[in-house]
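1. please work out how this folds:
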Amino acid sequence: MSSLTDLRFFTTPSHDCSYIDGKKAVTLFVDPAAEIDTPTYTELSAVGFRRSGTHLYRPYCESCSACIPVRIPVANFVHQRRQRRITRRNDDVRIDLKEARFSEEHYVLYARYINERHQDGDMFPPSPEQFRSFLVDGRPEAVFVEMRDAEDRLLAIAVVDRLEDSLSAIYTSFDPDCGRRSLGVFAVLSLISMARDLHLPYLYLGYWIKQCQKMSYKTDYQPIELFIDNRWLPLDR
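-> Modelled structure (predicted):
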């Protein structure tokens, strides 16, 4: 078991920011050799760290604070009208929880999603090795949340870590041909319900950047809290 005060951290060299054109970024990583148990991972999430594969990290840019960790206090979440419609539209969807392991069916859906929706992202081009390192070979807390229709067709996969007081959404991919279902929204709503059912107070949604259009959807889930100056604060809309 490690405590936050015992951990060592490392920074990357300055590199091009993935989210804001023309900006440089620095990332702070937890020592990859450290033994991080679930309580420590929970503490790290509460101070803005995220997971990618086996790595726990957070932005560490000296002249920029645009990347803001966000989480939903699920007990207080209120559906908007559009979100209620999306939930009804997906009444036929069955949700199953699976262990984090490689599945050809999962990978094919992930690759289609990346190729059709995120050719400008860090995950392009997808490969089985990248899928394994990013989503499968990560942490023991990881769960694959499968979403299937009445004909057992895989519609979406949400990879989520179950922590002591929260779920942490790692990545969601979905069938790009099912636009009418709004599966990205439905996945977040499903994780909110899952956290409530597990009596976990929070759902972490990663980072929000006000200037980044791709992240604007996160503030559609209200109320939402932002980690600013080492405090979780409600978003003032």
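2. in the chain, which spans are helices?
-> Here the chain has its helices, by DSSP state H, at 38-46, 81-89, 104-117, 128-131, 183-197.
3. in a markdown table, list the ones you listed along with mean neighbour count, mean pLDDT and distance to E62.
-> Using the backbone N, CA and C atoms, a C-beta is placed for each residue, glycine as well. What follows is the helices of the chain, written out as a markdown table (neighbours: other CB atoms under 10 Å; pLDDT from 0 to 100; distance: least, CB to CB, whole Å):
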| stretch | mean neighbour count | mean pLDDT | distance to E62 |
| --- | --- | --- | --- |
| helix 38-46 | 19 | 98 | 21 |
| helix 81-89 | 14 | 98 | 38 |
| helix 104-117 | 17 | 97 | 32 |
| helix 128-131 | 15 | 97 | 30 |
| helix 183-197 | 20 | 98 | 32 |
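4. would you tell me which of those gets closest to P140?
-> helix 38-46 (7.9 Å; CB to CB).
5. who's in contact with that closest one?
-> 1-4, 7, 30, 36, 51, 56, 139-141, 161, 163-166, 168, 204 (CB atoms under 8 Å, 6 or more residues apart in numbering).
6. now stretch 223-230
-> Stretch 223-230 is contacted by residues 47-48, 68-73, 76-78, 205, 208, 218, 232-235 when judged by CB under 8 Å, 6+ apart.
7. returning to what we had before: out of the helices of the chain, which is closest to I95?
-> The closest of these to I95 is helix 183-197. By CB to CB, the value is 5.9 Å.
8. packing partners for the closest one?
-> helix 81-89, strand 142-148, strand 154-162, strand 166-174, strand 202-208 (3 or more CB pairs under 8 Å, 6 or more residues apart in numbering; DSSP states H and E).
9. and the gap between V185 and R85?
-> 10 Å (CB to CB, to the nearest Å).
10. count the residues that sit near I209.
-> When neighbours are counted by other CB atoms under 10 Å, I209 registers 18.
11. looking at it, it is touching Y19, isn't it?
-> Yes: the criterion here is CB atoms under 8 Å, and I209 meets it with Y19 at 5.3 Å.
12. report the set of residues contacting both of the two.
-> Counting by CB under 8 Å, 6+ apart, the residues touching both I209 and Y19 are A66, C67, M215.
13. which residues touch the last one?
-> For M215, the contact set (CB under 8 Å, 6+ apart) comprises Y19, Y207, W208, I209.
14. do the first one as well
-> Counting by CB under 8 Å, 6+ apart, A66 makes contact with Y19, I20, K23, I209, K210, Q211, C212.
15. got a pLDDT number for it?
-> Note for A66: predicted pLDDT of 95.
16. distance check, it against D220.
-> Here A66 is placed at a distance of 19 Å from D220 (CB to CB).
17. pull up the per-residue confidence for the residue lying farthest from the centre of the chain.
-> Distance from the centre of the chain peaks at E151, with 27.5 Å (CA atoms, centre = their mean). pLDDT for E151: 97.
18. which phi and psi values does it adopt?
-> E151 adopts backbone torsions of phi -100, psi 10, taken as degrees, to the nearest 10.
19. do G53 as well
-> phi 60, psi -130.
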